[in-house]
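> give me a 3D structure for the following:
(4 chains)
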2 protein chains.
Amino acid sequence: MTRTNPPFMTGVPELLLLRLLSQEEMYGYELVRKIQLVTGEAIKLGEGVIYPSLYALEKAGALKAKRKKVGARERVYYSLTRKGRTRLQKLEADWVRIRDAVNLAGEVNAVS
Amino acid sequence: MTRTNPPFMTGVPELLLLRLLSQEEMYGYELVRKIQLVTGEAIKLGEGVIYPSLYALEKAGALKAKRKKVGARERVYYSLTRKGRTRLQKLEADWVRIRDAVNLAGEVNAVS
DNA sequence: AGCATTTACCTTGAACAACGAGGTATTAGC
DNA sequence: GCTAATACCTCGTTGTTCAAGGTAAATGCT
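Model (predicted):
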């Protein structure tokens, strides 16, 4: 049980998923690799994080799933709903708020 | 049970506590207010967060406590140990890593 | 003198999210 | 034919945040 990611991860998986899926539909396994890519390997989210997150977001009405057959293999593509877009905007705002607050606290602390 | 803080808070309390206490010793109640101050009201951490965090950090050897009488009232002042300083450095690095990765992912996502 | 508010400590219980580790089946490469 | 990669999924643990409580002393108001 060695942690691969440091703290500060709450909400990050959801934010990244919503961001990526707001661009184009993707399937779970694809998202696992894409997240490593776009974060420069700094964040690695396993399938044990991705799949449950996708189900939760779908259940919440933020994502819709579409099954596609590729040969005998099946892929589940997810894309954002209107609700998902709203949710993404709110999450982005939350992120900015916390990020800036933590940075601000650091500066104040460093100077004083 | 209405959440006052948005997501992305994991690790933030610990980071803020270590930062503030690396400057000067403070007591719990003081930290509760100071955190609101230095984050521009963006982050509010209640006593139910602060006290348990302080105990955990003390137990982990990152903080040392000193009791001071002010009249009949007693205050428990906390300050960083050597271990606490190391821990703070690591946490700061973690924070930068996640912050930058999330920002990077946002940019990549926005452009492509 | 009486009363509310603030200061200052502390605990508990619930909720949730992230995660590693596992498990199955298909396809591709050698 | 064998190994690795693809692609899905679930479970149980762990840790953390948090609201809501509760006590007692000091201060301010009237």
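> can you tell me the element whichever residue of chain A sits closest to DNA strand C falls in?
Nearest residue of chain A to DNA strand C, counting by C-beta to the nearest atom of the strand: A:Gly48, 2.1 Å away. (Each C-beta comes from the backbone N, C-alpha and C, glycine too.) Using DSSP states H and E, A:Gly48 maps to helix A:47-59.
> anything in that helix near DNA strand D?
Yes. Helix A:47-59 is in contact with DNA strand D by C-beta under 7 Å from any atom of the strand, via A:47-48, A:51-52, A:54-55.
> quick check: residues of chain A near DNA strand D?
Selection of chain A residues close to DNA strand D by C-beta under 7 Å from any atom of the strand yields A:1, A:7, A:10, A:27-30, A:33, A:47-48, A:51-52, A:54-55, A:70, A:73-76.
> now with 6 Å?
Within chain A, the positions near DNA strand D by C-beta under 6 Å from any atom of the strand are A:27-30, A:47-48, A:51-52, A:73, A:75-76.
> flag every buried residue along the lowest-mean-pLDDT helix or strand in chain A.
One helix or strand of chain A scores below all others by mean pLDDT, DSSP states H and E: helix A:82-111, with a mean of 90. Buried residues in helix A:82-111, counted by 16 or more other C-beta atoms under 10 Å in any protein chain shown: A:84, A:87-88, A:91, A:94-95, A:97-99, A:101-102, A:105-106, A:108.
> just checking, what packs against it?
Secondary-structure packing of helix A:82-111 (3 or more C-beta pairs under 8 Å, 6 or more residues apart in numbering or on different chains; DSSP states H and E): helix A:12-23, helix B:12-23, helix B:28-38, helix B:82-111.
> which of those helices sits closest to A:Val38?
Closest approach to A:Val38 among those (C-beta to C-beta): helix B:82-111, 4.3 Å.
> which residue comes closest to A:Thr10 once chain neighbours are left out?
B:Thr10 (3.9 Å; C-beta to C-beta, 6 or more residues apart in numbering or on different chains).
> how is that neighbour classified with respect to secondary structure?
Of the three states, B:Thr10 takes coil according to DSSP: H, G, I helix; E, B strand; the rest coil.
> low-scoring stretches of chain A, by residue?
Scanning chain A for pLDDT under 70 picks out A:1-2, A:108-112.
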